[in-house]
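Chemist: Here is a sequence together with a model predicted from it:
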Amino acid sequence: MEMIITTANKEGLLGSLPHDCRRNILSYICPTELYASYAATSRLCHADSLDAQLPQTKFGEFHVTGRGETEINMESLLERISHASFLNAWQSPRSHMKIVSHERDGAVVTTKVDDLTFEEMQVQASSLSFGSITSLDLSVSHCKHGGELNRVLPRGITWLLSTMMPNLVELDLSNLHGGPIKEGDSISELALFNATNCPNLSKVVWNNRIGGGYFLRGRDLKTLTNLRELWADNLRCDWRYDKLFAPLLSQFFDENSIIQRFFFFACNEKLERVSLLGGRYVKIGTNDAIEFPQMSLIRFVRNTPQLRWFRSDLAEENVRMLSEERPEITFVAS
């Protein structure tokens, strides 16, 4: 005789499992399935989904575009953020925020042209705070189209998020292009996550970053006074992104340059863990991406006093040489 599975039967079967066993099984389910499917099955399942020890309870997604919107409307976004239900949803133990719906067809969506002024946004955002958030993921999917698509976050979004997260520790901007983009522009996304807004920010992940050479100077990173860890794998420095600073690229990569610069010279004193695997640069006047020279990587290691872990494309003989000079550093090849 065929057995009919009812909600009551499901609860009985699940209820026969110890709670810690159910929790262990549920820890492998993605957040969407946990809350949208499993939690809706029964009261027991709903109670399980609220277990504070589940890793998913620390994770949440934040849609920056509303239903049916093709661009970011800052006014409606602030209205949604200000709602009590939204504020309550982002309390402890939720500590990791993943920004979604800011990417469409491989490009980053733009903000509405006739949107709020900066002063209007500042007034509305002044009372908003997400103190439980320690990790912010602004990354988008990897794109192989290079510079053909707009993959730069609107400044309004990065400013808004940075002002609302005073306890932020980790920031992920992977696969985004980086500023400055326009002539005369000297700030990037990182400058907004400064020590005033995010005094505890200590780790930045920006893998597959495409942008100009200004980033290598570390001026924006310097505003992050507690920065200890930087992941910038597959970094591509392209002179076409900030032509104002293009002539300065030779200071990092040309052994015959009168001025010899090392990576992130403005912020390197506190860096302890750095990953620069697969770094490339585009010489001024060309389109070809060239691997970071060995001497550029060596110069960075020798001039970063607190460095304790470094992942890069250093050749084995150079790793051996630097290990003798700096035995306290762990060198990783991949």
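Modeler: Noted; the coordinates are in hand. Numbering: from 1, shown residues only.

Chemist: List the contacts of A289.
Modeler: Listed by CB atoms under 8 Å, 6 or more residues apart in numbering, the contact set of A289 reads 236, 238, 280-282. For the C-beta atoms, the positions are set from N, CA and C on the backbone; glycine is no exception.

Chemist: what about the strands in the stretch 201-334 of the chain?
Modeler: Along the stretch 201-334 of the chain, the stretches classed as strands by DSSP state E, counting those that start in this stretch are 203-205, 210-211, 229-231, 236-238, 273-275, 280-282, 289-291, 309-311, 330-332.

Chemist: which one of these lies closest to W90?
Modeler: Minimum separation from W90 across the strands of the stretch 201-334 of the chain (CB to CB) falls at strand 203-205, 20.5 Å.

Chemist: partners of the closest one, with directions?
Modeler: Applying DSSP bridges, strand 203-205 is found paired with strand 170-172 (parallel), strand 229-231 (parallel).

Chemist: what does the last one contact?
Modeler: Applying CB under 8 Å, 6+ apart, the external contacts of strand 229-231 come out as 202-207, 221, 264, 271-275.

Chemist: Swap in 10 Å and give it another go.
Modeler: With contact meaning CB atoms under 10 Å, 6 or more residues apart in numbering, strand 229-231 is reached by 169-170, 172, 174, 202-207, 218, 221, 224, 263-264, 267-268, 270-277, 309, 311.

Chemist: which stretches of this protein have low pLDDT?
Modeler: By pLDDT under 70, the weakly predicted segments of the chain are 1-15, 32, 35-36, 68, 104-116, 143-150, 179-188.

Chemist: Domain map for it?
Modeler: 8-51, 169-334 (automatic domain parsing).

Chemist: circling back to that earlier point, of the strands paired with strand 203-205, flag the one that's most buried.
Modeler: Ranked by mean neighbour count under mean count of other CB atoms under 10 Å, the strands paired with strand 203-205 are led by strand 170-172, which reaches a mean of 21.

Chemist: can you give me the offset of that strand from its chain's centre?
Modeler: Offset of strand 170-172 from its chain centre (CA atoms, centre = their mean, to the nearest Å): 4 Å.

Chemist: re earlier: Throw the strands paired with strand 203-205 into TSV and include distance to E324, thanks.
Modeler: Formatted as TSV, these follow (distance: least, CB to CB, whole Å):
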stretch	distance to E324
strand 170-172	33
strand 229-231	25
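
Chemist: quick one, which of those strands is nearest to S85?
Modeler: The nearest among the strands paired with strand 203-205, by CB to CB, is strand 170-172 at 26.1 Å.

Chemist: Now do that closest one: everything it contacts.
Modeler: With CB under 10 Å, 6+ apart as the criterion, strand 170-172 contacts 95-96, 98-99, 134-139, 158, 161-162, 165, 189-190, 193, 198, 200-207, 224, 227, 229, 231.

Chemist: Filter these down to just the ones in helices.
Modeler: 158, 161-162 (DSSP state H).

Chemist: All the helices of the stretch 1-150 of the chain, residue numbers only.
Modeler: 7-15, 19-26, 31-36, 43-49, 74-82, 84-89, 118-125 (DSSP state H, counting those that start in this stretch).

Chemist: in the fourth one, what's buried?
Modeler: Under the neighbour-count criterion of 16 or more other CB atoms under 10 Å, helix 43-49 has 45, 48-49 buried.

Chemist: who's in contact with G178?
Modeler: 151-153, 188-190, 206, 209-212, 214-215, 220, 232, 235-237, 241-242.

Chemist: Distance of E255 relative to S296?
Modeler: 9 Å (CB to CB, to the nearest Å).

Chemist: Hmm, I typed the wrong one, I wanted Q56.
Modeler: 42 Å.

Chemist: swap in E119?
Modeler: In terms of CB to CB, E119 sits 43 Å off from S296.

Chemist: between the two, who's got more neighbours?
Modeler: Using other CB atoms under 10 Å as the criterion, E119 and S296 rank with S296 on top: 22 against 7.

Chemist: Give the buried residues for stretch 294-308.
Modeler: 296-301, 304, 307.

Chemist: wait, I meant stretch 65-77
Modeler: 65, 72-74, 77.

Chemist: Name the nearest of these relative to S323.
Modeler: I72 (48.0 Å).

Chemist: Double-check that closest one against I157; I have them as touching.
Modeler: Yes. Using CB atoms under 10 Å, I72 makes contact with I157 at a distance of 6.5 Å.

Chemist: and stretch 37-47, how far apart are its ends?
Modeler: Terminal residues of stretch 37-47 are spaced 13 Å apart (CA to CA, to the nearest Å).

Chemist: Please apply the same query to stretch 192-207.
Modeler: 19 Å.

Chemist: so how far is it from its chain's centroid?
Modeler: The answer for stretch 192-207 is 10 Å, by CA atoms, centre = their mean.

Chemist: For that stretch, list every residue counted as buried.
Modeler: Residues 192-194, 197-198, 201-207 are the ones in stretch 192-207 that count as buried (16+ other CB under 10 Å).
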